[in-house]
Each structure stands twice: as C-alpha cells, then as structure tokens.
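Quick one, what's the 3D model for this:
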Amino acid sequence: MNSVLIVDDEAMNITALMHILNRDYKVYAERDGANCLRTVKNLKPDLILLDVMMPEVDGFEVIRRLKGDEETKDIPVIFVTAKVGSDDEVQGFSLGAVDYIYKPYNPPVIEMRVRHQINLLNFTRREREVMEAQKLMFESIPLPFNLWTADYKVIDCNRAMVDFLQAPNKETALAHFYDFSVETQPCGTPSAEKIMHIIDEVLDTKKIIRHRWNHLVGGTIIPVEVSATLVQMRGQFFCACYAVDLRPIEAALEAEENNLAKSRFLARMSHEIRTPITAVMGITEIQLRNRIVPYQTEEALVQIYSSSKTLLNIVNDILDFSKIESGNMPIINTEYDVASLVGDAAQLHLIYSERKNVSFVMDIDPNLPVKLVGDNLRIRQIINNLLTNAFKYTESGEILFSLSFEDGLVIKISDTGFGMTTQQIEEIGSEYVRFHEQDKPFVGGTGLGLPIVYSLAKMMNAKIELKSKPGVGTCASVRVPQRASGTDVIGPELASSLKNFESQQWFVTKELEFEPEAMPYGKVLVVDDVDTNLYVAEAMLESFGLSVELCERGQEAIDKITQGNEYDVIFMDHMMPGMDGIETTNALRRMGYTLPIVALTANAVKGQAEMFLNNGFSGFMSKPIDINLLSSYLVRFVKNKHEA
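The predicted structure follows:
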C-alpha cells in the first residue's frame, strides 16, 4: 500500500484529508514544517500533501529543503492552499510541486489528483525496476554485448564488452567503437556501413541476424560471430548485438583437423607395425599346435610367442592414441589366469637378469586365486613397466617381484638400483619424465613407464605407493581392486613352480590348447594382401576341415562372387591396396551379396567395431586372429547354417 504524508497546521484539515484517503493509502500527518522534514527523512512517504501557509516554516520553504536533499528530492509534493492566485502557483511549480489542491476540499477531485500522482509514481518505479533488471541482465551476460539505436548509435555495452575490447571504461568503448574494429569487414563492406545494414535488417525483419565481425584489439584482429536481435525498451526498438569470440572455436577446429590427420597416420602405422607382429604370432601359434615339435624347438617358439604377444600389447598401447590423449582409456574387466599373468611377466624379464649382475627373485603367495576378474592387459602393463624400470635402473643386487591377494591384487616390486629423490617422485605424474640422463646416459627408454603406471592405477581406482632413496633403490607397491573368480587358489606347488621360472612354456602351451571342431561342409574365402597373413589364416581355417580359398585383392573377391561363387563366410582384410576391405564389402553388398563378411584388421585404433558394422560387415576380428573368436564365427556362420 502506498503512503501519503499530510502536513497542515490545522487539525480539522488533517482530519478531513485523512477521511478521504484512509481507505486507499497508509496516511501519516504532521502539523508543522520542521517536524515534516524529520518525518519525511524517517518514513520516506510516496506522496506529500503540503499546506502552503504555516507558521515558522511555510510550505515553500519545506519543499525548497526537500528538493535540496538527495534522499527526499524525488518525493512528489502536492500543495494544499486556500489562496487562489497564479503567482503562488507559478512559485510552487517552479519549486518542484506536481499539483495543487484547493480549499475547501472536493473529495472526488482530491481522490483523482492523489491517485493520478500515485499511479505516475508506481509506473515510474516499475519502469525503473524493469530498466534496472535489464541493465543487470545485460551486465550479467558473459558474452560481450552492445546496444544500438535505430539511427545507428551505440548507446550501451556490458562489462564483458569493455573487457573484451580492453578498453579502460565503458565510455571509451562506446565512443571509440569503430576504432576497435577493422576498417573493412571480411565480407568487404566498411565497418560503419555494415553496422547500418545489420540494424536495418533486424528492425525490418525482426529476426536474429548472425554475421562475422573482425574486431581490432591491441593491434590484433579478433574474429567474432555477432548475433543481432530486436529488443524493446521504453516503447522504443533497439538492436542488441552479442559477440562470440571465434578464436577458441577456430583453434578447436584446427586441432580437430590435425587430430584427423594424426588419426589417419596412426591407423596406417598401426596396420604396418601390427601386421608383421601378428604374422610372427600366427605362424608361431600354428607350429606350437603341432604336437610333434621337438622340445627345444617348442621352448624357442614359446619365447617367440610370448615376446611377440608382449610387444603387440606395447604397440597397441602406444598406437591407441585416442585413449592416451583423451585420458579415457577403457577398463575392460574379464576373467584371467593369474599364473599365466605371473609367468608371462617373469619370463619376459628373466633375460634382463641374465645380462646383468642382478638376482631376480619372485615371491608368489600360494593363496592367490587361480582366476581373477579385472583388466588383464592393464595389470600386465603395470607389472611390465615397473619390472622394466627396475631392471633398467639396477646394475647389481636384487629385484624382488611379489604378488599376493588382500581384498585385491597386491603387486610389489623392489630393486637395489639408482633410486630417486623426493622431488623426482613428485614429478613422475608428468609425461616423458626421464631421470639420470646426465649421470647415466646409457639408460634407454621413453620416460613413459611410470607415468603410464600412475595413469592406469588411477583409472582402475588402484592405490600406488612409491618409496625410493638415491643409491639405495626403489620399492613400488600397487593395490588393484580385483575380484576372485571362484574359490580355488594356485597352491604351494604352482607357486613354487612360478618362483623357479618353470611354468612359462606350460602356460603358453595351455593357452594355445584348442581342439577345432570339424566342419568339412564349410567353404570360406580369405582376402588379404599380405602372404604371411594368408598363410596363417589358411592354416587356422584348415584345422577346422574347411575348404579355404585365398585372394590378395578386393577386386579378385568381387570377380569370384560375380562368377557365381558363394561362401559360408568371407574374411576380409581392412587395409589393402586398390580397393580396401570397406570399399570391397560395400561393392559386394550393392551387388546383392548377403552372406556373412567378417573384417580382419591390424588397426588398433579405437572405434573400429562400429565403423565395420555400419559398413556392411557381419563382424570383425583384430589380428592376430584369436582362434576361439574365429571358432565362434565359424560355428555361427558355418555350422549353424548347415545344421539348420
């Protein structure tokens, strides 16, 4: 409810006015000018009805003082008088009065005059509140913003625009707007002319108009995208312009293009590097499946297979750039054999101890579960990186590798090597950290080992503790959350075998134990441009009793289908000269060939599965070919088809 203060030295007049106004307003009263000034200061009434003729301080003096005070100058005053004269009215209005009420009172007239002033006051207040809200909104917008009139004058901007233009204040930013813009915009239009076109288009179409604008800040051209839109304030239309700095967007686009180029390069490198490794593994696997291989040959083949497998894992990790760069390497939890994990790691590093005066000791807890559920590959990476570092930086003494299970897999690797300072340990989280380069220049490596261990540990919610002392050695402890699969433990006998490095050959041989299911009725086609890949694939497929045909080019495969040949499944290499696997498969699908086609790829880049499935393939296999996965495809596409 609005408030009104009545000031009159006659009580009867106050009573009469209060009777008229009490129903609609909160009414206060004072009987002299001096008290009136104090009351106005305290109550801040919305309207004052002020008697002109009062003893000591008359109405003219009161309004003169009210208008001279910052706190009270905006309170509207209506003079109340029994004296009718133009001179008094002129004096009253000149002092700031908004109206006159004459005695004797006419209640309807008084009500109308008071209501009119109160309505004006409330409207002004609401308009001021709206303006303040708009101003607050404009100021709070994080984007640079400026406001233009219909006659092309910039009249306001927010703090973000002042900061963006690096102007000392808003006044400078507004007065020198064109100084902060290039003379000619990218479209070839002078800046002043372009602004006029934009404002006219916004006012005419009432649509949001987007355009590119080049600002000039500190001698540097800054590209922005400006969104110009229509706003209405105080009954007038304005053009509001919001700017988005394009530099981060353009930098991101450039980075994305660079990443695409890097993706293509690394995909090719992945194929080129993995192809010979997978060939070695495939041929070795074929020979190991031959039960009449001499023991010495089998032992050598086991070493070749294990080393190739580890090398392949390392190459996969290096080439999977999407995981490394995004920090989003997936953790894939599967069941794995703990003894095989230990044996592989031990055998791989045993050769280092033979080359140095270093004793390699293993402490394997007999109570380790036989199988655990977790990311086998990442666990191997952690163990291999820690062991590699231990052997790399230890010239003599002992390296201890212990493994136990205490609410998770506990890996401990200690050495009597060079050791590290506290500061060096703190730096390990960085990439490409290499220590002892000055005093031990003969030590090789990229410096990625420990940073990778820390990254993998973080991704698997593992706890890592590193203790080290220069000249004494280092002890690394990693506790990785893993779940036991079943209740069986490896037991003392197998633990002892692992400690004595007697298990490696058995585990590799066991890993490769597989009895292919005969499918003599099946017919398959393998398409690959690498002879060794064809050799490996043919040998694996023939172990299933299948009829196998080979070709080295995509066009050859198309020709075979054109000649009327049909295959239960085609195994198609991805990267081939001429028509690659995707192009060949697309061509076959366009010809109406609907039988299964499975992609073979040596490309370790992330996201391959979706790409192949979206291009007409029925499935895909990474090289080296996993015979268990191969068997599942053959059962699905060959056996099930012929038994149906």
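
hey, let's count contacts and neighbours off CA atoms from now on
Noted.

from what I can see Tyr28 touches Ile6, true?
Yes - using C-alpha atoms under 8 Å, Tyr28 is in contact with Ile6, at 6.1 Å.

where do the helices sit along the stretch 401-550 of the chain?
422-426, 449-459, 491-499, 504-511, 531-542 (DSSP state H, counting those that start in this stretch).

So which of Tyr28 and Ile6 has more stuff around it?
Using other C-alpha atoms under 10 Å, the more surrounded residue of Tyr28 and Ile6 is Ile6, with 24 against 17.

Confirm for me that the more buried one is in contact with Val52.
No - counting by C-alpha under 8 Å, Ile6 does not reach Val52; the two are 11.8 Å apart.

Tell me which other helices or strands the helix or strand encompassing Val361 touches.
Using DSSP states H and E, Val361 maps to strand 357-364. With contacts taken as 3 or more C-alpha pairs under 8 Å, 6 or more residues apart in numbering; DSSP states H and E, strand 357-364 sits against helix 338-355, strand 396-405, helix 491-499.

Just give the nearest non-adjacent residue to Asp51, would you?
Sequence neighbours aside, Val80 is the residue nearest to Asp51 in space, at 4.6 Å (criterion: C-alpha to C-alpha, 6 or more residues apart in numbering).

Check what pLDDT Asn13 gets.
Note for Asn13: predicted pLDDT of 91.

between the helices of the stretch 401-550 of the chain, which gets nearest to Asn2?
Smallest distance to Asn2 across the helices of the stretch 401-550 of the chain (C-alpha to C-alpha): 64.8 Å, for helix 449-459.

In the closest one, which residues are buried?
Gly449, Leu450, Pro451, Ile452, Val453, Tyr454, Ser455, Leu456, Ala457 (16 or more other C-alpha atoms under 10 Å).

So which elements touch it?
Packed next to helix 449-459, using 3+ C-alpha pairs under 8 Å, 6+ apart, are helix 376-392, strand 463-469.

in what helix or strand does Ile20 lie?
Using DSSP H and E, Ile20 falls in helix 11-21.

which stretch of helix or strand covers the residue nearest to Ala243 when sequence neighbours are not counted?
With sequence-adjacent residues excluded and distances taken as C-alpha to C-alpha, 6+ apart, Ala243 is closest to Val226, at 4.4 Å. Assigned by DSSP H and E, Val226 falls within strand 220-233.

what about that strand, distance to the chain center?
The chain centroid and the centroid of strand 220-233 are separated by 27 Å, computed with C-alpha atoms, centre = their mean, to the nearest Å.

One more: stretch 573-586?
With C-alpha atoms, centre = their mean, you get 34 Å for stretch 573-586.

how far does it stretch from start to finish?
13 Å (C-alpha to C-alpha, to the nearest Å).

how about Arg23, what does it touch?
Under the criterion of C-alpha atoms under 8 Å, 6 or more residues apart in numbering, Arg23 has no neighbours.

follow-up on the earlier one: run through who's touching the next helix or strand after the strand holding Val226.
Sequence-wise, the next helix or strand downstream of strand 220-233 (DSSP H and E) is strand 236-245. Outside strand 236-245, the residues within contact range by C-alpha under 8 Å, 6+ apart are 143-150, 199, 202-203, 222-232.

got the angle between strand 236-245 and strand 220-233?
Per axes from the mean of the first three to the mean of the last three C-alpha atoms, to 10 degrees, the angle that strand 236-245 makes with strand 220-233 is 150 degrees.

how far is strand 236-245 from where the chain is centred?
30 Å.

Helix or strand, whichever it is, which one in the chain has the lowest mean pLDDT?
Lowest by mean pLDDT, DSSP states H and E among the helices and strands of the chain is helix 504-511, with a mean of 44.

my read: Pro168 touches Leu174, true?
No - when contacts are counted by C-alpha under 8 Å, Pro168 is not listed as touching Leu174 (11.1 Å).

Can you list the residue ranges for strands in the stretch 51-200 of the chain?
Applying DSSP state E, counting those that start in this stretch to the stretch 51-200 of the chain gives strands spanning 77-81, 99-102, 145-148, 154-157.

List just the one of the ones you listed that sits closest to Val480.
Going by C-alpha to C-alpha, the one of those nearest Val480 is strand 145-148, 52.3 Å.

What strands flank that closest one, and is each parallel or antiparallel?
strand 154-157 (antiparallel), strand 236-245 (antiparallel) (DSSP bridges).

I'd like the ones you listed as TSV, with mean pLDDT appended.
What follows is those, written out as TSV (pLDDT from 0 to 100):
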stretch	mean pLDDT
strand 154-157	90
strand 236-245	89
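
So which of these is nearest Ala279?
The nearest among those, by C-alpha to C-alpha, is strand 236-245 at 51.7 Å.

how about the closest one as CSV, C-alpha atoms only?
Listed in CSV are the C-alpha atoms of strand 236-245, where the atom choice follows Å, rounded to 0.1, in the frame of the first residue of the first chain:
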residue,chain,number,x,y,z
GLN,A,236,11.4,2.1,-28.5
PHE,A,237,13.1,-0.6,-30.6
PHE,A,238,16.8,-1.2,-30.3
CYS,A,239,19.3,-3.6,-31.9
ALA,A,240,21.1,-5.7,-29.3
CYS,A,241,24.4,-7.4,-30.5
TYR,A,242,26.0,-10.3,-28.7
ALA,A,243,29.5,-11.4,-29.7
VAL,A,244,31.1,-14.8,-29.5
ASP,A,245,34.9,-15.0,-29.7
